[in-house]
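> Output the structure for:
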Amino acid sequence: MHNGNLYCPATPTALLEIGPLARDASAAGVEAHDKMTAELSCYKLGRITANDADGYHRVSCPAIMAKCRCPLRSGSMGLSFDRPQIICSPGPAPRCCLQQSITVPPSVNAKTAQKHDYASKAHRRSYARRTAVERSNSRVKDPASVDVSKGWCRLMGLVPISLFLACALAVRNLAVSDAFTKRALEEQRRRAAGLAPRTRRRRRRNLADLLAASP
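Numbers count the residues shown, from 1 in each chain. The predicted structure follows:
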């Protein structure tokens, strides 16, 4: 069990130790990280049934599902070599290596199961939506902007409030689109003039700076 999923007992330890992608990762680093997470998914036991009335489901060996090559599954050795291969088979072989499928009770990974594999590209994209939602909420609640706060709409009922909120979000989206267009035109102007692209400078202040600035 690892990050809410069941994996082959012979999964390389290095793949199980993959952490989240660094914020300042280069394009080559992102590609290498996505390649490793994709390789890790090849060792994951695949679900073959949905949950029954009691929450039980069945999973199958990744070699049976043609995701990797394993000597314990002779049929998988005929797969192409672009799939990972099990070098050291676990011994004695566990039940998942002897049976076609195993039953997983609802208590297994009940608290850690998630829709996307942790640290994968799909997980990173899905988690990035949270920051976009938080930015939208802070923008529409900003008193200097739309100011969606208590008492902002003097009408009652679900329909008028929904209509006003939809207009507020449309105003926010148009403002973001206009700001993006303005930045894109400025970057084009700088490139045409032979100037370096404008970079965003992050200001970070540590505790020592804050203590020095205090009276």
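
> and Phe180, what element?
Using DSSP states H and E, Phe180 maps to helix 158-192.

> Quick check: buried residues in that helix?
Neighbour-count burial for helix 158-192 flags Phe164, Ala168, Arg172 (criterion: 16 or more other CB atoms under 10 Å). Quick note: C-beta positions are derived from backbone N, CA and C, even for glycine.

> could you list every residue that touches the first one?
Read it as Phe164. Trp152, Cys153, Leu155 (CB atoms under 8 Å, 6 or more residues apart in numbering).

> ok, 10 Å please
Residues near Phe164 by CB atoms under 10 Å, 6 or more residues apart in numbering: Val146, Val148, Trp152, Cys153, Arg154, Leu155.

> Equivalent analysis for the second one, please.
Residues in contact with Ala168, defined by CB under 10 Å, 6+ apart, are Arg139, Val140, Lys141, Ser145, Val146, Asp147, Val148, Trp152, Cys153.

> at 8 Å instead, please
Applying CB under 8 Å, 6+ apart to Ala168 gives the contacts Val140, Val146, Val148.

> so the residue nearest the centre of the chain is in which element?
Nearest residue to the geometric centre of the chain (CA atoms, centre = their mean): His123, 1.6 Å. With secondary structure defined by DSSP H and E, His123 is part of helix 121-140.

> Now do the buried residues in that helix.
Within helix 121-140, the residues that count as buried by 16+ other CB under 10 Å are Lys121, His123, Arg124, Arg139, Val140.

> Pull the most distant pair out of those.
Lys121 and Val140 (29.8 Å; CB to CB).

> the bottom helix or strand of the chain by mean pLDDT?
Lowest mean confidence among the helices and strands of the chain (mean pLDDT, DSSP states H and E): helix 207-213, at a mean of 72.

> Dump it to CSV, restricted to CA.
In CSV, the C-alpha atoms belonging to helix 207-213 read as follows (Å, rounded to 0.1, in the frame of the first residue of the first chain):
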residue,chain,number,x,y,z
LEU,A,207,12.1,36.4,10.5
ALA,A,208,15.4,38.3,10.8
ASP,A,209,14.3,41.0,8.3
LEU,A,210,11.0,41.4,10.2
LEU,A,211,12.7,41.7,13.5
ALA,A,212,15.2,44.3,12.1
ALA,A,213,12.3,46.3,10.7
